[in-house]
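K.L.:
Compute the structure for the input listed below.
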Amino acid sequence: MIQPAFPKLLSSQIAFDIARTILDGFDKHYHLFRQASRDARGYFERGEWVAAQQAARERIGFYDRRVQECVQLLEDDYVPEDLTDEVWREAKLHYIGLLTLHKRPELAETFFNSVCCNMLHRRYFNNEFIFVRPVVSTEYIDTDEPAPTYRVHYPQADGMRVTLQRIVADFGFATPFAHLARDIAQVEERLGSFFDDMAPNAQFQVLSSPFFRNKAAYLVGKAVNGDSELPFVMPILHDHAGPHGRLLIDTVLTGREQVEALFSFTRAYFMVDMEVPSAYVQFLRTLLPRKPRSELYTVLGLQKQGKTAFYRDFLQHLKHSSDLFETAPGIRGLVMLVFALPSFPYVFKVIKDFYPPPKETTRAQVKEKYLLVKHHDRVGRMADTLEYSNVAFPRARFSEALVAELKHHAASLVEEEGDQLIIRHLYIERRMTPLNLWLAQAGQNGNDADVEHGIAEYGNAIRDLVAANIFPGDLLYKNFGVTRHRRVVFYDYDEIETITDCNFRAIPAARNEEDEMAAEPWYPVAKHDVFPEQFGQFLLGNPNIRRHFLRHHAELLTAQWWQACKKRILDGVVDDVFPYPQAIRFCYCAAPTTVPPSLEMKHE
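P.N.:
Purely as a prediction, here's the structure:
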């Protein structure tokens, strides 16, 4: 049996010091990560929505800053000659030893990989240096803190209503509830039927930390009765804006469909205070067994761990599949070259080297747009993107035509190396059906209900993006996708802007007939000017689509609607965008916001 080329004795002090420095860097990162998650509770309780959004954006950048700090420390302390292959191999072994009793070993392994890959060019390290697979098990790790990962409550002991009151009281929110008894009665009505025939093991299991995002806190758990389990989430909101608002339970989400919608790949990261993230992931897996661990880590704000888990899943899929990569269906983009593996539910997007008119952008500007989305609340209407560098694909899985297309449009990012095709930079997104294809297919099939649904959802997506201070830029249907649950999502970010950076204008009246007939505008147009009256010219050529759009979203063609939305944002108003249907909210819920909420949504 061939043994790995590891040292028999761990004798290098340099290797141990490197391992200790990297783990210290990770521990600092996670301390700051947890503190930001704890701070989210205070922002929620005080109704400080703008501060909460800012803190969520800042937390996303913590990881990269700590990695760079760690790299700088090591580069300052050691010359390249010190960092031999043997030292890196031994540093990894020391690191494994340091993780024996660690509460977050899988995250620490990923941090080690990040530091190592930042220090060494891909030609100068091999898989012996990094954690290609997880080494330290996360099974059965639990917290040492007073509160366990989840609490168990037994409705048989004190009755359903008292048990539900205790579940909410255990979270100890500093802001009082306006009418907790009323709220609990509504929750009991929704959940009570699950316990109609109460088994001896009847219980509620509820995660100990609330999930914070945007203007809500979410209590996450499941009901257990005999062999049946029912996932549920209670969203907690303020009954009105301002420092004197009180809390209310807005609804209760029940079942996998509704809970999956909350934890969709189109939403920003939740703020959750966790000592043992793997325990939270394992609990969420019992609620949502169809969601991969990679997405659950990302939901919890641990996007780097999500990327690591995703890439491991991707390598495993490549090993057990044989189909070829191909150009993704749909209209070819001017900025991105998109390809896919038919058997894998994601697409791969590469920024082209050059862009034909009328596109005026650069690779750096496109990356800035994608970074803007990464740091923004995606409100269920923008797909998450995974960004990778130096990805090695098996060359044999690419057709000659696709390789030629990649080399023609993105030669600076593509390199063949032995039996591998190296792509230096790409984005990976969940695959969806382009809205233009979805509408065309529905029209060809004579399915007018699907056409209306697609257009209604398209307008709802725009409304939700506007509420989050996002202007898509290019509103063409090809830049929006339809998920497998019939929800419309925006996914092309190269022209995205914030609403507050745009100047929404009405088209001035023509001065004469010559103005009306002129090929060019008779009025000055600045860089960020937007004329909503013009949207119909390129969106509503199909009479049937026009009819449905005007029925549901006519105000989106007026400058006044966009100006009013911009003013609300500039005035500091953070509008609600609900990750669940309006129809399931309790009837006493707060009044709707000025920006019209989405229509009944389909869950994803």
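
K.L.:
helices and strands around the lengthiest helix in the chain, which ones?
P.N.:
Using DSSP state H, we find that the single longest helix of the chain is helix 13-46. In terms of contacts (3 or more C-beta pairs under 8 Å, 6 or more residues apart in numbering; DSSP states H and E), helix 13-46 is packed against helix 49-60, helix 62-77, helix 85-98, helix 105-119, strand 211-213, strand 216-225. Glycine gets a C-beta too; all of them are placed from N, C-alpha and C.

K.L.:
If we use 7 Å, what do you get?
P.N.:
Applying 3 or more C-beta pairs under 7 Å, 6 or more residues apart in numbering; DSSP states H and E, one finds that helix 13-46 contacts helix 49-60, helix 62-77, helix 85-98, helix 105-119, strand 211-213.

K.L.:
which one of these lies closest to residue 408?
P.N.:
Smallest distance to residue 408 across those (C-beta to C-beta): 29.1 Å, for helix 105-119.

K.L.:
buried residues in the closest one?
P.N.:
105-117, 119 (16 or more other C-beta atoms under 10 Å).

K.L.:
can you check stretch 390-404 too?
P.N.:
391, 393, 398, 402.

K.L.:
for stretch 547-566, same thing?
P.N.:
Neighbour-count burial for stretch 547-566 [16+ other C-beta under 10 Å]: 548, 549, 552, 553, 556, 557, 559, 561, 562, 563, 565, 566.

K.L.:
Might one say that residue 118 is in contact with residue 67?
P.N.:
Yes. Residue 118 is in contact with residue 67 according to C-beta atoms under 7 Å; the separation is 6.1 Å.

K.L.:
Would you mind confirming that residue 288 makes contact with residue 259?
P.N.:
Yes. Using C-beta under 7 Å, residue 288 makes contact with residue 259 at a distance of 6.3 Å.

K.L.:
of the two, who's got more company?
P.N.:
residue 259 (23 against 17; other C-beta atoms under 10 Å).

K.L.:
next one: phi and psi at the more buried one?
P.N.:
phi -70, psi -40 (degrees, to the nearest 10).

K.L.:
Who does the closest residue to it other than its chain neighbours form a beta bridge with?
P.N.:
Closest residue to residue 259 in three dimensions, ignoring its sequence neighbours and counting by C-beta to C-beta, 6 or more residues apart in numbering: residue 231, at 4.6 Å. Listed by DSSP bridges, the beta-bridge partners for residue 231 are residue 222.

K.L.:
Who are the contact partners of residue 431?
P.N.:
340, 345, 346, 347 (C-beta atoms under 7 Å, 6 or more residues apart in numbering).

K.L.:
mind running it again at 6 Å?
P.N.:
345, 346, 347 (C-beta atoms under 6 Å, 6 or more residues apart in numbering).

K.L.:
Between those, which sits nearest residue 196?
P.N.:
Scanning the contacts of residue 431 for proximity to residue 196, where the rule is C-beta to C-beta, the winner is residue 345, at 38.0 Å.

K.L.:
burial count for that closest one?
P.N.:
12.

K.L.:
which residues touch it?
P.N.:
residue 431.

K.L.:
picking that back up, among the buried residues of helix 105-119, which one sits closest to residue 199?
P.N.:
Among those, residue 106 lies closest to residue 199 (C-beta to C-beta), at 35.0 Å.

K.L.:
Which stretches in the stretch 301-450 of the chain count as strands?
P.N.:
326-327, 336-340, 346-351, 385-394, 414-417, 420-430, 433-434 (DSSP state E, counting those that start in this stretch).

K.L.:
Can you list the buried residues in the lowest-mean-pLDDT helix or strand in the chain?
P.N.:
One helix or strand of the chain scores below all others by mean pLDDT, DSSP states H and E: helix 513-517, with a mean of 71. Applying a neighbour-count criterion of 16+ other C-beta under 10 Å, one finds nothing buried in helix 513-517.

K.L.:
Touching it from outside, list them.
P.N.:
Contacts for helix 513-517 (C-beta under 6 Å, 6+ apart): 510, 522.

K.L.:
what's next to stretch 404-422, contact-wise?
P.N.:
337, 350, 352, 353, 392, 393, 395, 398, 423, 424, 425.

K.L.:
same thing but at 10 Å, please
P.N.:
122-123, 325, 327, 332, 336-337, 339, 350-355, 363, 389-399, 402-403, 423-426 (C-beta atoms under 10 Å, 6 or more residues apart in numbering).

K.L.:
cool, and stretch 522-530?
P.N.:
Residues contacting stretch 522-530 (C-beta under 10 Å, 6+ apart): 471, 473, 497-499, 501-505, 507-512, 514-516, 521, 531, 559, 562.

K.L.:
can we see that at 8 Å?
P.N.:
Residues outside stretch 522-530 that contact it (C-beta atoms under 8 Å, 6 or more residues apart in numbering): 471, 497, 501-505, 507-508, 510-511, 515, 562.

K.L.:
roughly how far apart are the nearest residue to residue 399 once chain neighbours are set aside and residue 397?
P.N.:
Spatial nearest neighbour of residue 399, excluding adjacent residues (C-beta to C-beta, 6+ apart): residue 324 at 5.7 Å. Distance of residue 324 to residue 397, computed by C-beta to C-beta, to the nearest Å: 6 Å.

K.L.:
Please enumerate the shared neighbours of the two.
P.N.:
Between them, residue 324 and residue 397 share the contacting residues residue 341, judged by C-beta under 8 Å, 6+ apart.

K.L.:
domains of the chain?
P.N.:
13-124, 150-317, 321-431, 434-573 (automatic domain parsing).

K.L.:
so can I have CSV of the ones you listed showing distance to residue 140?
P.N.:
Shown next, in CSV, are those (distance: least, C-beta to C-beta, whole Å):
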stretch, distance to residue 140
domain 13-124, 12
domain 150-317, 9
domain 321-431, 29
domain 434-573, 34
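
K.L.:
So for residue 137, which of those domains sits nearest?
P.N.:
Nearest to residue 137, of the domains of the chain and by C-beta to C-beta, is domain 13-124 at 7.8 Å.

K.L.:
tell me the mean pLDDT for the closest one?
P.N.:
The predicted model assigns domain 13-124 a mean pLDDT of 93.

K.L.:
Then stretch 429-448?
P.N.:
Mean predicted confidence for stretch 429-448 is 94.

K.L.:
do the same with stretch 217-230
P.N.:
The model assigns stretch 217-230 a mean pLDDT of 97.

K.L.:
Give me the distance between that stretch and the centre of its chain.
P.N.:
Relative to its chain's centre, stretch 217-230 lies at 24 Å (C-alpha atoms, centre = their mean, to the nearest Å).
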